[in-house]
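Student: this one's structure only:
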């Protein structure tokens, strides 16, 4: 994947100097499709077939009655589930990220989310329409294809690919920053973590504690590093790609944390899972707390299973749903029963801020162990941690 | 539904249900100040549906439409049958 990014970097000056603005979109599409063919010809075939079918749906859906539109979208979503499961359950290659290990075709997890969003919007938005070149470039745009960010179609297609020296310099800085995160930070951290995660019982207390925070840091460096590279490469080709991370470890509760961690994914989860599920239950007069929990559970279980079809990822999703419901529903209720000065101190003092930020970091770091290894070893790790303490 | 009492009644909902102690100004961002999250968004949408007597589709339940009192008002007016 990094080789592909470097090839894109090398092609950028040719693009600036030789390709006039009106030709940039077709050239980018040609580059993207050639790049996909080079990475994996199956990826090219899947992207082309998906683009043609999805475009066909966007053209025919507006003229159909609502029930047929919904049925069409549901059939498309079912196909995407099959494609996703095939990709996750067919081991063929090693992944660069922990969540990419064993993927059959790189980038399909992101492609599936984009297509799902497209189908739902085409089925539910009156007058929805998209040009085929916009759709094809959105799906295949090489900087974001392998690991996001999951660009919003409306944000992406409205852009004119304009490049400038200032933008190019900013892009280069961003790419270097991302490469440093991935090649230095994540890589060496991963090497140091490997023996601790393989056999937590053999590690010392200090290694266990540092290892737990190290796993969270490694996920951050991986995901945000590749996002930095994608955002930088996008800018190099004249596109503004949406931000994906915004200092999540400095947030004081899990809700604020998730608003700043993998933001384009959490937008998908909010729009297509949390909001429909929780609103549907609220309309059926399910109590607010239960409806919110069900919405969070649907969103975060999906989030976990999207990263990896394992019990560890599913359990991690459950822990995130519980944490989010605690912050959004249970903690405020508890706050009403506590003395007002205590609540004010917690909410407004620097010590309260620091403490709640540390607790959030602690919760995320402890629970992500289930995703980083597996359910059994995650439990063994935490038990060893508590035992050593 | 009385538009003159909109700020007051939404302010009361924010205070009673979402624990926002001070009523926000018309242009104050609830999201940036950390007062509006996914959970409060769906509850706020439900309250506004009842208050204005309009239906708010899921696709419109997004931060942009409910980030400020002004944005909420504009959005609800766009959903009224006469809009």
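Tutor: In hand now; what should we look at? Predicted model, so just to flag it, every value in this text is computed and none were measured.

Student: near chain A, which residues of chain B?
Tutor: B:19, B:34, B:37-43, B:45-46, B:57-59, B:61-62 (Cβ under 8 Å from any Cβ of the partner chain). In short, each C-beta sits where N, CA and C put it, glycine included.

Student: Of these, just the buried ones, ChimeraX syntax please.
Tutor: This is the ChimeraX syntax for the buried subset of the residues of chain B next to chain A, where burial follows 16 or more other Cβ atoms under 10 Å in any protein chain shown:
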select /B:37,38,39,40,41,42,43,45,46,58,61,62
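
Student: Any buried residues in the one helix or strand residue A:221 maps to, and which?
Tutor: Taking DSSP states H and E as the definition, one finds residue A:221 inside helix A:205-236. For helix A:205-236, a neighbour-count test (16+ other Cβ under 10 Å) marks A:207-208, A:210-212, A:214-236 as buried.

Student: Then stretch A:304-312?
Tutor: Neighbour counts over stretch A:304-312 (16+ other Cβ under 10 Å) mark A:304-308, A:310, A:312 as buried.

Student: and the helix or strand bottoming out on mean pLDDT in chain B, which residues are buried?
Tutor: One helix or strand of chain B scores below all others by mean pLDDT, DSSP states H and E: helix B:6-16, with a mean of 88. Residues B:6-7, B:10-11, B:13-14 are the ones in helix B:6-16 that count as buried (16+ other Cβ under 10 Å).

Student: Nearest to chain A within chain B, name that residue for me.
Tutor: Chain A sits closest to residue B:39 of chain B, with a gap of 3.7 Å, by Cβ to the nearest Cβ.

Student: Now name the helix or strand holding that residue.
Tutor: Going by DSSP H and E, residue B:39 is in helix B:38-52.

Student: give me phi/psi at the residue nearest to residue B:69 when sequence neighbours are not counted?
Tutor: Leaving aside its chain neighbours, residue B:69 sits nearest to residue B:26 (4.8 Å; criterion: Cβ to Cβ, 6 or more residues apart in numbering or on different chains). Residue B:26 adopts backbone torsions of phi -60, psi -30, taken as degrees, to the nearest 10.

Student: How about the contacts made by residue B:26?
Tutor: B:7, B:68-70 (Cβ atoms under 8 Å, 6 or more residues apart in numbering or on different chains).

Student: so what's residue 70 scoring on pLDDT?
Tutor: You didn't say which chain, so I picked chain A. For residue A:70, the model assigns a pLDDT of 95.

Student: um, chain B though
Tutor: Confidence for residue B:70, expressed as pLDDT, is 92.

Student: hang on, it packs against residue B:27?
Tutor: Yes: counting by Cβ atoms under 8 Å, residue B:70 does reach residue B:27; the two are 5.6 Å apart.

Student: Among these two, which residue is more densely surrounded?
Tutor: Higher neighbour count among residue B:70 and residue B:27: residue B:70, with 13 against 10, using other Cβ atoms under 10 Å in any protein chain shown.

Student: Give me the three-state assignment for the more buried one.
Tutor: Assigned state for residue B:70: helix (three-state reduction, DSSP: H, G, I helix; E, B strand; the rest coil).

Student: Residue B:30 now?
Tutor: Residue B:30 ends up coil, using three-state DSSP.

Student: neighbours of it, just the number please.
Tutor: Counted with other Cβ under 10 Å, the neighbours of residue B:30 add up to 23.

Student: again, but for residue A:328
Tutor: Around residue A:328 there are 24 residues (other Cβ under 10 Å).

Student: Ok, residue A:148 next?
Tutor: So residue A:148, with other Cβ under 10 Å, has 24 neighbours.

Student: Any chance of the backbone angles for it?
Tutor: Torsion angles, degrees, to the nearest 10, at residue A:148: phi 80, psi -170.

Student: Chain B versus that one, what's the distance?
Tutor: 20 Å (Cβ to the nearest Cβ, to the nearest Å).

Student: Was I right to think that residue contacts residue A:264?
Tutor: Yes: counting by Cβ under 8 Å, residue A:148 touches residue A:264, with 6.1 Å between them.

Student: helices or strands next to the helix or strand containing residue A:379 in the packing?
Tutor: Under the criterion of DSSP H and E, residue A:379 resides in helix A:375-388. For helix A:375-388, the contact count by 3 or more Cβ pairs under 8 Å, 6 or more residues apart in numbering or on different chains; DSSP states H and E identifies helix A:205-236, helix A:311-325, helix A:350-372 as packing neighbours.

Student: Turn these into a markdown table, columns for mean pLDDT and distance to chain B.
Tutor: As requested, these are arranged in a markdown table below (pLDDT from 0 to 100; distance: least, Cβ to the nearest Cβ, whole Å):
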| stretch | mean pLDDT | distance to chain B |
| --- | --- | --- |
| helix A:205-236 | 96 | 20 |
| helix A:311-325 | 97 | 8 |
| helix A:350-372 | 97 | 11 |
